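Q: I need the structure of the sequence given here:
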Amino acid sequence: MDRKIVISRMLKSKFFMVGAITAVFIILISIFSPVIVKFDPITNALKERLISPEYFTYGLKGHIFGTDEMGRDVFSRLLLGSRYSLFIALAVVSVAAVIGTILGAISGYFGGTADMIIMRACDIMMAIPNLVLAIAVMAILGPNIFNLIIVLIITSWVQYCKVTRNNVMIVKNIEFVKASQVLGASRGNIMFKQIFPNVTTQLIILISQQFGWTILTEASLSFLSLGIQPPAPSWGNMIADGRNFLITCPWLVFAPGITLMITVLAFNFLGDGLRDVLDPKRT
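A: Numbering: from 1, shown residues only. So this is what the prediction gives:
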């Protein structure tokens, strides 16, 4: 697709522009959070516990979103939590995409026994609810970031495998691929130079959508105390800790909850926008 057409579609797509701008803003503020943070997000300060938001009183110099039950600045913990969430999402999506794409390409291109084995493995994984499987594995392995990443990879590679397999099976039967086979092109050449470039569009869309799903699942596990462990902040465990003060100190739940909602929506909008932008059938 011509680059000018892609850029024009990006600028015209409201979903893409809103999702891209919001996602980039979240990523940038997460990267530069050490410069922004003014209060220690880990150390307790019981003398300052449950201070209400001070933005309208002291501006950026005060506790913007107030403090939690341990006296820790909520805004600082939100920023540090964003680094954990984005790092985990990046690690999970990258590894799961590589594993799922390789297995899907093998299944779709070679077929036969390899296809049967890989697809039955996918069927088994899809028969088990992702969150239930994640909870069971985390309960066995123990809650820490490394195990959390492993669990999320186990529960997310299937989507990439299915998408890649279906697209490879379609592309491999197109005339230009069959012509290359007749002319004696190697399987590696056909796969990486002719088939794979024609299936990347769906993968790019899926990757952007899976970012939001991964962040939401990590927050869900952290809410259940099976993800990132205190005192390290996660949006999920911040919501879990703040629910006990929902009536008296609602900012403890609203701040991480709204941040989580905006982040997931941003990546979902980005995925929907990319689908519209990269769809060759769209006029």
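Q: Tell me the first helix or strand C-terminal of the helix or strand bottoming out on mean pLDDT in the chain.
A: Least confident helix or strand of the chain, by mean pLDDT, DSSP states H and E, is helix 187-189 with a mean of 72. Using DSSP states H and E, the next helix or strand after helix 187-189 towards the C-terminus is helix 200-223.
Q: which stretches of this protein have low pLDDT?
A: Within the chain, the ranges that satisfy pLDDT under 70 run 1-2, 59, 279-283.
Q: quick one: residue 79 and residue 207, what's the gap?
A: Per Cβ to Cβ, to the nearest Å, residue 79 is found 24 Å from residue 207. C-betas here are computed from N, CA, C, even on glycine.
Q: same question, residue 37
A: Using Cβ to Cβ, we find residue 37 at a distance of 29 Å from residue 207.
Q: So between these two, which is more surrounded?
A: residue 207 (20 against 16; other Cβ atoms under 10 Å).
Q: And the helices in this structure, which stretches?
A: Assigned by DSSP state H, the chain shows helices spanning 3-12, 14-31, 33-36, 55-58, 74-110, 112-127, 130-141, 145-171, 175-182, 187-189, 200-223, 235-242, 251-278.
Q: Reformat the ones you listed as a markdown table; add distance to residue 45.
A: Listed next are the helices of the chain as a markdown table, based on distance: least, Cβ to Cβ, whole Å:
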| stretch | distance to residue 45 |
| --- | --- |
| helix 3-12 | 45 |
| helix 14-31 | 23 |
| helix 33-36 | 19 |
| helix 55-58 | 16 |
| helix 74-110 | 11 |
| helix 112-127 | 45 |
| helix 130-141 | 31 |
| helix 145-171 | 25 |
| helix 175-182 | 64 |
| helix 187-189 | 60 |
| helix 200-223 | 23 |
| helix 235-242 | 15 |
| helix 251-278 | 15 |
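Q: my guess is residue 180 contacts residue 194, does it?
A: Yes - at 6.1 Å, residue 180 counts as touching residue 194 under the criterion of Cβ atoms under 8 Å.
Q: Can I get stretch 50-62 in PDB? Just the C-alpha atoms.
A: C-alpha atoms of stretch 50-62 as PDB (Å, rounded to 0.1, in the frame of the first residue of the first chain):
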ATOM      1  CA  LEU A  50      -5.100   9.500  53.400                       C
ATOM      2  CA  ILE A  51      -4.500  13.100  52.300                       C
ATOM      3  CA  SER A  52      -7.100  14.200  49.800                       C
ATOM      4  CA  PRO A  53      -6.000  15.300  46.300                       C
ATOM      5  CA  GLU A  54      -4.200  18.600  46.500                       C
ATOM      6  CA  TYR A  55      -4.000  19.600  42.900                       C
ATOM      7  CA  PHE A  56      -6.400  22.500  43.200                       C
ATOM      8  CA  THR A  57      -4.700  23.700  46.400                       C
ATOM      9  CA  TYR A  58      -1.000  23.300  45.700                       C
ATOM     10  CA  GLY A  59      -0.900  22.400  42.000                       C
ATOM     11  CA  LEU A  60       1.900  20.100  40.800                       C
ATOM     12  CA  LYS A  61       3.800  20.700  44.100                       C
ATOM     13  CA  GLY A  62       1.400  18.800  46.200                       C
END
